[in-house]
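Trainee: missing the sequence, but the structure's below:
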DNA sequence: TCTATCATGTAACCAGTTACATGATTTT
DNA sequence: AAAATCATGTAACTGGTTACATGATAGA
């Protein structure tokens, strides 16, 4: 009862168990099959850990332990009522209230004055290229297709929207920095 | 020599020490004074930890220990050549290559089918309101002013660009979900 | 039969957070 | 003189990661 999942991987477990009871390995397989590891960091050892935590906190419970062939025994877990409640509580909050995040690029921008403006212009060019490749990939992925429902690509739509915004911003910034319009403070730190 | 800073707070330390040698507490004060804790997560105990790590890895070294009045002694650290090199190496990489991030909202979208579409429409409305407040605040903050140089607000410009993109996306998504156009899969999971 | 990969975990390590501690200075 | 808060850390906890371990099955 440490108060809430707070870990996206724990949320996946609760969400998948809402469909049906499963054993940890199946959770991992499903996560990869549905490509959720693009949006939620997944390490298989972390999965066993969060399962243990969810168990400790009473959000899930062992339902049966089965054995297929000579493979090791495995424990099938099911969602408890408390876990069901926590799942919707947490999901509703994640959707309704924007969380404070700390993107690496934002941190880099906050410290950008340590690099000479001329270098930064070049580096931003590199970033632009990478962004364009990523955007092309995402556009491909969100293209409507008959065999994948729209709702299963919704997270890529979102990532695409953000990537495009970043692209526009970086392009503008690069132009400005390349033109030398960076203010006296920054240029003063890097005399020619 | 664990190979690289990898921690944004460590990067701040290196960046600030490039200006001049300082003791840990001063680093923290400066970080807050320059509002970097908006872009880089800061806990004062974490600061002491990363200082210890940077010391261990040879990126910084104690320069002198001074005492002011009856206050406890404090150690002033300076950047080593290796630290200088690591700073620019890491900064260049952060600027040039987009890092894979895992925003909470993206995770929530990836699992959105666990919530009923009607609820989601409402929750997205709440999010929109919060986003608008945040955007207003950021617009205020990036407004040109005589006493703060542009380059010191660059990270807010970036955050603003992303927030505006998210706002547009969420508005569109909310309209679509509210209109009931969510596909058979999602609506099938939540019968009326 | 050897190799790869599937399936299922455990253990040790490490980084970051929370909570605790303590004396100095300033405010009321 | 008491309370607040500034200044400077240390210690314990906890969560997540890396690395290790081990048997089963499938492919070459």
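Mentor: Nice, I can see it. All of these numbers come straight from a predicted model, not from anything done at the bench. Numbers count the residues shown, from 1 in each chain, chains lettered A, B, ... in the order given.
Trainee: can you pull the contacts of residue A:91?
Mentor: Shown in contact with residue A:91 (CB atoms under 8 Å, 6 or more residues apart in numbering or on different chains): A:11, A:15, B:108, B:111, B:112, B:114, B:115. Backbone N, C-alpha and C define where each C-beta goes, glycine included.
Trainee: immediately after the helix or strand of chain A with the lowest mean pLDDT, which helix or strand?
Mentor: When each helix and strand of chain A is scored by mean pLDDT, DSSP states H and E, strand A:60-66 comes last, with a mean of 79. Once strand A:60-66 ends, the next helix or strand along the chain (criterion: DSSP states H and E) is strand A:74-79.
Trainee: hang on, residue A:42 in a helix?
Mentor: No - assigned with DSSP: H, G, I helix; E, B strand; the rest coil, residue A:42 falls outside any helix and is coil.
Trainee: so what's the closest residue in space to it that isn't next to it in sequence up against?
Mentor: Leaving out its chain neighbours, the residue that sits closest to residue A:42 by CB to CB, 6 or more residues apart in numbering or on different chains is residue A:31, at 5.7 Å. Counting by CB under 8 Å, 6+ apart, residue A:31 touches A:12, A:16, A:37, A:40, A:42, A:47.
Trainee: most neighbours, which of these?
Mentor: Most neighbours among the contacts of residue A:31, by other CB atoms under 10 Å in any protein chain shown: residue A:12, with 26 neighbours.
Trainee: Would you tell me what the next helix or strand after the helix or strand encompassing that residue is?
Mentor: Secondary structure assignment for residue A:12, by DSSP H and E: helix A:8-19. Sequence order places helix A:24-33 as the next helix or strand after helix A:8-19, per DSSP H and E.
Trainee: Now, the contacts of residue A:91 that are in helices?
Mentor: Among the contacts of residue A:91, the members falling in helices (DSSP state H) are A:11, A:15, B:108.
Trainee: Go ahead and confirm the first one touches residue A:5.
Mentor: Yes - the pair residue A:11 and residue A:5 passes the contact test of CB atoms under 8 Å, sitting 5.4 Å apart.
Trainee: any idea how chain A splits into domains?
Mentor: Split into domains by automatic domain parsing, chain A comes to A:8-96, A:104-189.
Trainee: Where does chain A get nearest to DNA strand C, which residue?
Mentor: Evaluated by CB to the nearest atom of the strand, chain A has residue A:25 as its residue closest to DNA strand C, separated by 2.5 Å.
Trainee: Report the separation between the nearest residue to that residue once chain neighbours are set aside and chain B.
Mentor: Using CB to CB, 6+ apart and skipping the chain neighbours, the partner closest in space to residue A:25 is residue A:74 (6.6 Å). As judged by CB to the nearest CB, to the nearest Å, residue A:74 and chain B stand 24 Å apart.
Trainee: So what's the residue count around residue A:74?
Mentor: For residue A:74, using other CB under 10 Å, the count is 16.
Trainee: Give me the pLDDT value at it.
Mentor: For residue A:74, the pLDDT comes out at 77.
Trainee: Is it bridged to anything, and to what?
Mentor: Applying DSSP bridges to residue A:74 gives these bridge partners: residue A:66.
Trainee: Would you check that it makes contact with residue A:22?
Mentor: No - taking contacts as CB under 8 Å, residue A:74 lies outside contact range of residue A:22: 9.6 Å.
Trainee: which pair in the contacts of residue A:31 spans the largest distance?
Mentor: Distance extremes for the contacts of residue A:31: the farthest pair is A:16 and A:37 at 13.1 Å, using CB to CB.
Trainee: Quick one: residues contacting residue A:163.
Mentor: A:131, A:134, A:135, A:138.
Trainee: Now the one helix or strand it maps to: average pLDDT?
Mentor: Residue A:163 belongs to helix A:154-178 when elements are defined using DSSP H and E. Throughout helix A:154-178, pLDDT has a mean value of 98.
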